[in-house]
Structure formats: structure tokens, C-alpha cells
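*Asks:* just the structure for this:
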Amino acid sequence: MRVILLRSGSSGDSNPLLDALEAELRLAKVATISLFPAEMDSSVPIPRADVAVLKDKTPAGLEWGRRLHEAGIPTVSPYPVTALCRDKLRTNHVLAQAGLPVPECRPVTGPEDLLPMLVDGPVILKPRRGSRGRGIQVIHDSTDVPASWGAEEMFAQRYYEPETLDRKIYRIGNDVFCVERVWPPVTLKEKQGRLIELDTPTRELAMECGWVLGTEIYGVDVIEHEGRPWIVDLSSFPGFKGVPDAGARIATVVLRVAAETRKDVSPPESASSSGTLCAAP
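*Replies:* Next comes the predicted model:
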């Protein structure tokens, strides 16, 4: 069995989650191939593999995810889900159309687009392709509206003041974990947060996100406002900080997907071997 790991950054970078995942796969006697799309040309042949882990969500990583998907190699998380979730506005619309509780969201091209929404209360301005809280700003009234935000695509989401700490809910297969933490986290301890018990309705809400999108590995941010849960963000492959043995749990899913699909996979051959594959553009 062979597994591709699509890693972000360069070949000298370390990722604790993927390192732990790779260690678990090797314990299971699985050959792993680490690919770093940032260092590779898209014309590099696709290595032979049974499944790929699509952690790199940069444009280069998504291009590799597309190529693997079209070659019939399943990806975890699935490439179509990963591509969708890179556009947070589209993801919110899909969840809302499925009847899930998502605050009102609208695309905004300039400051003037925010003013009509502010009539009904504060909004939160977000990059459509943001991550890790980058570029997020709460707009309470017209005095908070930025003069401009450059060429980056943004959207506005109705802002509800959370009544609890941030709740990061992570799903890996049938396992669901809730990590509570302050925002924005600064220290490693704050980023790890603390595990808390999750009530059944919120757990079912988090699971339903995966059923709607068609994935079983993801993270969803849920806040509570006036006693009601709201979905405010979703990631197709988060860092799973604070989740015990996350690498081992993801490995279990990867091995199952590989076993379920191996008979049907006939990817093109490649001259590459197990290990780290890097190719200069």
C-alpha cells in the first residue's frame, strides 16, 4: 500500500500532525511519499499510490489534488470538498442551503457594501480564502468600516457575540472532539485549548456538516448566541490542535479509504520511489 502526503511549505519544514500521521502509516508497513507542491512543477508525473492526504490547500496543492482526483486516486479530505472549502463564502452558502444554522453572508467589493448590513447590527469582515483568523475584522458601525482592503476578495457575515469561548469542533471518522479556547490564541497552551464535553445536539450539528459536504475529516467552528448554535467557519483539513492522537486517528481513516478503493485504482506509473519527492519548477 502506498500513500501520498501533500505537504505545504518546503521539504525542510516540519508539520507535527503530518509527521505523526506518517509515523503511524509506516508502523502499518505503508510506503509514504511526501510531495511539496510549492517546490514542484505541475508536469511532474503522478506517483503510483492508493490514496493521498490533501493537507496542502495552496493553489499549487489544490492543483495537485485536482490531478490526483482526475487520475482516480482518492484524497483525504476529498478534493472537491477541499476546493469548495477554500472559498468560505461558497461553503457557507452550501451549508445554509442545507438548512444548517449559518449567519447571513454576502460578498462585498467595497466599503459601501457593508453599510446596508450594518443597519441590522454588526458584521464580521472576512477574506473569502482566509485561514487562521487572518484579516478578520468585526465592524460595529460605519466608523469601523475600513477605507479599502485591496484586491483580496472579502465577504461579510452577520456577527453574533459569542456567549462562550471559541469552540473548535473536530471530526475524524466517527470521532468528534470539541476544543475550547480563547480568541485570538497567542501561546502554545492557548492554541491547544482544552477538551470539553460536547452536547448531543451540537455534536449532531457538526456531524451533519460532513454529511452535507461529503467528508469525514474536517473542523467546524460553532458559537452560541442567545442559546442557539451558529456555524461560523469550516476547514476541510485543520491542524487538529488539542485532539488526542490526531495523527493515529487520521491514519485509521486513510488506511480504510485505501483498502476500500485499492481494487479500483489504476494510477499512472512513476519513476519515483518511496520517500520525499521534490522537483524544482
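
*Asks:* what about the longest helix in this structure?
*Replies:* The longest helix of the chain (DSSP state H) is helix 246-261.

*Asks:* and it, what does it pack against?
*Replies:* Where contact means 3 or more Cβ pairs under 8 Å, 6 or more residues apart in numbering; DSSP states H and E, helix 246-261 is packed against helix 16-27, strand 51-54, strand 75-76, strand 166-172. C-beta coordinates here come from the backbone N, C-alpha and C atoms, glycine included.

*Asks:* mind listing the strands the shortest one pairs with, and their directions?
*Replies:* Using DSSP bridges, strand 75-76 pairs in its sheet with strand 51-54 (parallel).

*Asks:* show me what the helix or strand that the partner strand is followed by is packed against.
*Replies:* Next along the chain after strand 51-54, taking DSSP states H and E as the criterion, comes helix 59-70. On a contact count with 3+ Cβ pairs under 8 Å, 6+ apart, helix 59-70 meets strand 2-6, strand 51-54, strand 75-76, helix 79-85.

*Asks:* do that again at 6 Å, thanks
*Replies:* When contacts are defined as 3 or more Cβ pairs under 6 Å, 6 or more residues apart in numbering; DSSP states H and E, helix 59-70 packs onto helix 79-85.

*Asks:* who touches the helix it packs on?
*Replies:* With contact meaning Cβ atoms under 6 Å, 6 or more residues apart in numbering, helix 79-85 is reached by 54, 62, 65, 69, 91, 213-215, 236.

*Asks:* picking that back up, buried deepest among the helices and strands packed on helix 246-261, which one?
*Replies:* Scoring these by mean neighbour count under mean count of other Cβ atoms under 10 Å gives strand 51-54 as the most buried, with a mean of 28.

*Asks:* need the helices and strands packed on helix 246-261 in CSV (columns: mean pLDDT and distance to residue 9).
*Replies:* CSV is the format used below for the helices and strands packed on helix 246-261 (pLDDT from 0 to 100; distance: least, Cβ to Cβ, whole Å):
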stretch, mean pLDDT, distance to residue 9
helix 16-27, 96, 10
strand 51-54, 97, 15
strand 75-76, 96, 19
strand 166-172, 94, 22
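
*Asks:* indicate which one of the ones you listed is closest to residue 2.
*Replies:* Closest to residue 2 of those is strand 51-54 (Cβ to Cβ; 8.3 Å).

*Asks:* need the contact partners of the closest one.
*Replies:* Against strand 51-54 from outside (Cβ under 6 Å, 6+ apart): 3-6, 65, 68, 73-77, 82, 254, 257-258.

*Asks:* from those, pick the one nearest residue 144.
*Replies:* Ranked by distance to residue 144 (Cβ to Cβ), the contacts of strand 51-54 are led by residue 82 at 32.8 Å.

*Asks:* quick revisit: quick check: angle from the longest helix of the chain to helix 16-27?
*Replies:* 50 degrees (axes from the mean of the first three to the mean of the last three Cα atoms, to 10 degrees).

*Asks:* what comes into contact with helix 246-261?
*Replies:* The contact list for helix 246-261 (Cβ under 6 Å, 6+ apart) reads 1, 17, 20-21, 24-25, 50-51, 74, 76, 172-173, 175, 240.

*Asks:* may I see the buried residues of it?
*Replies:* Neighbour-count burial for helix 246-261 flags 246-247, 249-251, 253-255, 257-258 (criterion: 16 or more other Cβ atoms under 10 Å).

*Asks:* buried residues of stretch 221-231, list them for me.
*Replies:* Buried, per 16+ other Cβ under 10 Å, within stretch 221-231: 221-223, 225, 229-231.

*Asks:* show the end-to-end separation of it, please.
*Replies:* 6 Å (Cα to Cα, to the nearest Å).

*Asks:* below-threshold pLDDT in the stretch 1-150 of the chain: ranges please.
*Replies:* 132-133 (pLDDT under 70).

*Asks:* 80 instead, please
*Replies:* Residues of the stretch 1-150 of the chain meeting the criterion pLDDT under 80: 42, 130-135, 148, 150.

*Asks:* and residue 244, how many neighbours?
*Replies:* Taking other Cβ atoms under 10 Å as the criterion, the count of residues near residue 244 is 10.

*Asks:* how far away is it from residue 16?
*Replies:* 13 Å (Cβ to Cβ, to the nearest Å).

*Asks:* same check on residue 82?
*Replies:* 20 Å.

*Asks:* give me the three-state assignment for the nearest residue to residue 202 once chain neighbours are set aside.
*Replies:* In space, residue 202 comes closest to residue 229 once its chain neighbours are excluded; the distance is 5.5 Å by Cβ to Cβ, 6 or more residues apart in numbering. Here residue 229 is recorded as strand under DSSP: H, G, I helix; E, B strand; the rest coil.
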